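>>> quick check, what structure comes out for this input:
(2 chains)
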Amino acid sequence: DAGVIQSPRHEVTEMGQEVTLRCKPISGHDYLFWYRQTMMRGLELLIYFNNNVPIDDSGMPEDRFSAKMPNASFSTLKIQPSEPRDSAVYFCASSPPTGVNTEAFFGQGTRLTVV
Amino acid sequence: GQQVMQIPQYQHVQEGEDFTTYCNSSTTLSNIQWYKQRPGGHPVFLIQLVKSGEVKKQKRLTFQFGEAKKNSSLHITATQTTDVGTYFCAGGAGAQKLVFGQGTRLTINP
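Numbering: from 1, shown residues only, chains lettered A, B, ... in the order given. Model prediction:
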């Protein structure tokens, strides 16, 4: 398996523009997580899905952020409109069904810069 | 909400010295996981501890889970330059959800 795949790896956009980040989880994993990493706030959990259903979105900062998981192999995180303070590295991670091992497998991340 | 505090935030050591990072949770954890993130990289899973008082070793790394399941530590013996990176603890908050500590960034003088 190629691991968790995120695209794009880097995104530079202007304030006010819509940004869509994409994630393909590892096949067979039924949990998917979106994290945001900044120097100031560290790794923050934004939202996570189980079997394509959003379970906890309490970490989503504002209504400008939305996430979807239309099927087991694809998820998006959208920011509209984007603001400079959204600049961060966004990680997608997936983990297998509940069991003994619950480790999260992270993608390479998308480095977002909003200017 | 649940918080996981990790100290120190930064640690600089000479190669060959030992290193320890500590993690404390405001609530009892179902499990604790440790991740390593190399500069410019993504977090990579190291280990999971589940049982109260559990101790696990991976070569020069020793992981401990407190008796009350609210704290944990990672100790590296005789650091090497390949140990450089940020070490995160992550507390299990139920149903696969993890709450990450702020991380300890380790730098090493060769």
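>>> name the residues of stretch A:85-92 that are buried.
A:D86, A:S87, A:A88, A:V89, A:Y90, A:F91, A:C92 (16 or more other CB atoms under 10 Å in any protein chain shown). (Each C-beta comes from the backbone N, C-alpha and C, glycine too.)
>>> again but with stretch A:94-111, I slipped
A:94-96, A:102-111.
>>> from the buried residues of stretch A:85-92, which is closest to chain B?
A:F91 (6.1 Å; CB to the nearest CB).
>>> wait, a strand at that closest one?
Yes: under DSSP: H, G, I helix; E, B strand; the rest coil, A:F91 sits within a strand.
>>> does it really touch A:G42, like I thought?
No: in this structure A:F91 lies outside contact range of A:G42 using CB atoms under 8 Å: 11.8 Å.
>>> B:S72 sits in which helix or strand?
strand B:71-76 (DSSP states H and E).
>>> and stretch A:72-83, end to end?
30 Å (CA to CA, to the nearest Å).
>>> report the buried residues of that stretch.
A:A72, A:S75, A:L77, A:I79, A:S82.
>>> go on, stretch B:70-90?
B:70-74, B:76, B:79, B:83-90.
>>> now swap in stretch A:8-20 and tell me
A:E11, A:T13, A:V19.
>>> and these as CSV, adding distance to chain B, secondary structure and pLDDT?
Shown next, in CSV, are the buried residues of stretch A:8-20 (distance: CB to the nearest CB, whole Å; DSSP: H, G, I helix; E, B strand; the rest coil; pLDDT from 0 to 100):
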residue, distance to chain B, secondary structure, pLDDT
A:E11, 16, strand, 97
A:T13, 21, strand, 97
A:V19, 19, strand, 98
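>>> let's have those residues in CSV, adding distance to A:F49.
Converted to CSV, the buried residues of stretch A:8-20 look like this (distance: CB to CB, whole Å):
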residue, distance to A:F49
A:E11, 22
A:T13, 25
A:V19, 20
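>>> look up how far chain B lies from the residue positioned nearest the centre of chain A.
For chain A, A:W34 is the residue whose C-alpha lies nearest the centre (CA atoms, centre = their mean; 3.0 Å). Applying CB to the nearest CB, to the nearest Å, the value for A:W34 to chain B is 12 Å.
>>> excluding chain neighbours, what is closest to B:S26?
B:Q3 (4.6 Å; CB to CB, 6 or more residues apart in numbering or on different chains).
>>> near chain A, which residues of chain B show up?
Residues of chain B lying near chain A by CB under 8 Å from any CB of the partner chain: B:1, B:31, B:33, B:41-45, B:48, B:50, B:88, B:90, B:92, B:95-103.
>>> can we see that at 6 Å?
Proximity of chain B to chain A is confined to B:H42, B:P43, B:F45, B:Q96, B:F100, B:Q102 under the rule CB under 6 Å from any CB of the partner chain.
>>> spit out the contact partners of A:L112.
A:E11, A:S87 (CB atoms under 6 Å, 6 or more residues apart in numbering or on different chains).
>>> let's see 10 Å
A:8, A:10-13, A:19, A:21, A:36, A:77, A:79, A:82, A:86-90 (CB atoms under 10 Å, 6 or more residues apart in numbering or on different chains).
>>> repeat for A:G16
Here A:G16 is in contact with A:Q80, A:P81, A:S82, A:E83, A:V114 (criterion: CB under 10 Å, 6+ apart).
>>> over to A:E14?
A:P81, A:S82, A:P84, A:V114, A:V115.
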